[in-house]
Every structure is written in structure tokens, then in C-alpha cells.
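Trainee: Return atomic coordinates for the entry below.
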Amino acid sequence: MVTIKSKREIELMKIVCKITAKTYELLEKEIKPGMSTYELDQIAEKFIRQQGGIPAQKGFPSDLRGVPNFPATLCVSINDAVIHGIPSKNVIIKEGDLVSVDLVVSKNGFYGDAARTFIVGKTTKQAQELVEVTKQSFFQAIQFAKVGYRIGDISNAVDTYVRQFGFSVVREFQGHGIGRQMHEEPGIPNYGKPGRGIRLEPGMTLAIEPMVIAGKPDIWELEDGWTIVTQDGSLAAHYENTILITENEPEILTI
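Mentor: Purely as a prediction, here's the structure:
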């Protein structure tokens, strides 16, 4: 069931989303070659807790039997890893890496969700284009995040934009509603036909998150039960914000 947030609930959403946004501002300053993904994770967790927030992904249960709950604050996925990479002291960030970070914070019973792909140092022209196209596909999509449009209009906008550059969207994972739960209805794929799905209404809060691959869209899940990588080894990027549907333009809560 899709939940419409009250004015009070929206104010609480804004508080937690602000912590999410500020965490990314900090990470952008701190990330550098030579540091481990574990160090990056520790920086984020310390800051979130100082702000009175809770790292919501830490301890998140796996869908697979026998796979441990997610052990960290951040999902940190490098280069051909698309999403859900587990931070480690043994994974060192290098010059030229694409580092995709996904973060969910909770506070006062509400959640804020966002993702960014950082370019560490100098990288290739294709890698830069991939990161920029992934980000811009989000902004293309939210042109349709308005009253009267449907979920399919958002989904189609992401895919249409991405394919213009010869890139692919991930089909097995998607955006989602968000609020008192990390994942709420509706699901928001990054592909689909316009004019399909539920109509958007004021008070809906959505996490729209293009996941884009430079090569073919096929993916693998690694043996850790979490990390998703591209099958052909091509680069991947991820960009996400939590937004609010209003009577007018959508409001981005995690910027």
C-alpha cells in the first residue's frame, strides 16, 4: 500500500534526509586513494550517530538463507560492482576508481535514502560520462515526478535517457517508496512503458535510483550473498535521492 505522508511526517522525513545529504558532503571531502572502504564506512557511521541518526542498512537482513545480515553502514561498490558492496579493511580505493556509495539513515521512525558514485582522482572519459549520465538520468526522471503522471513515466524517462549514450540500466533492482519503512510501495523500475503504474499524488515520498552499466545489463551476485557485479566486467554507476511529490515541482530531500 502506498502511504501519503502528513505535514508532520514530511517534516520528520526532511530531518533524516538532511543527515543523509550532509553525510555525503563529508564523504566527498574524505574519500581519497589509499584509504580502505572500511575507513570510509567508519567515517560515515561516526558522523551519522553524532547527528542522532541510525545507520539503517547495518544489520539489514538478507533475502537468502544462510547469508549474514549486512554488516556495515554503507554499501560501497567499486568499478564493476553495481550495488551492495561490503566495506572491508582489505579493499583499498585507488586513483581512477569509480566508488558507488549507497546510504540509508533512520531517525524519529523515518528513513532517508540516497546514493552517489564518486570519481576518485583522474579516470577515463567513458567513466566520467557514465557517472554524469547516471546522475542526469535521475533529473530527467523527476521531470515526470509530478501530480498526474504515473510511475511508468519516471521509469521510462531513466531508460530512454541512458540508452541514448549506449549504456544499460539494471533491471533486477529498482527504486521504491520510502517513509516509516526503508522499502515501501510502489516499486520504481528504471525501465518500462510510460502511462503505466499508479498515479502520483502529493505527499508521496519516493527513492528514485538509476543503476547504470557501461556495457550489457547482465549482472552476477557474488558468493558473499550481497555484492552485485556486472557480468561483462564493465563499469557501473549509481545515483539516488529521496524526493517528495508536491502540488507543484518535486522536492529533493537528500540534496
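Trainee: Show me the strands in the stretch 1-150 of the chain, by range?
Mentor: Counting by DSSP state E, counting those that start in this stretch, the stretch 1-150 of the chain has these strands, from start to end: 54-55, 74-78, 81-83, 98-107, 110-119.
Trainee: Looking at those, which is nearest to residue 226?
Mentor: The closest approach between residue 226 and any of those, judged by CB to CB, belongs to strand 74-78 at 7.9 Å. Bear in mind the C-beta positions are built from the backbone N, C-alpha and C, glycine included.
Trainee: can the strands of the stretch 1-150 of the chain go into JSON lines with extra columns for mean pLDDT, distance to residue 65 and mean neighbour count?
Mentor: Conversion of the strands of the stretch 1-150 of the chain to JSON lines gives the following (pLDDT from 0 to 100; distance: least, CB to CB, whole Å; neighbours: other CB atoms under 10 Å):
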{"stretch": "strand 54-55", "mean pLDDT": "98", "distance to residue 65": "24", "mean neighbour count": "20"}
{"stretch": "strand 74-78", "mean pLDDT": "98", "distance to residue 65": "21", "mean neighbour count": "27"}
{"stretch": "strand 81-83", "mean pLDDT": "98", "distance to residue 65": "21", "mean neighbour count": "24"}
{"stretch": "strand 98-107", "mean pLDDT": "98", "distance to residue 65": "23", "mean neighbour count": "25"}
{"stretch": "strand 110-119", "mean pLDDT": "98", "distance to residue 65": "26", "mean neighbour count": "24"}
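Trainee: Now for this structure: which helix has the highest residue count?
Mentor: Using DSSP state H to assign secondary structure, the helix with the most residues in the chain is helix 7-30.
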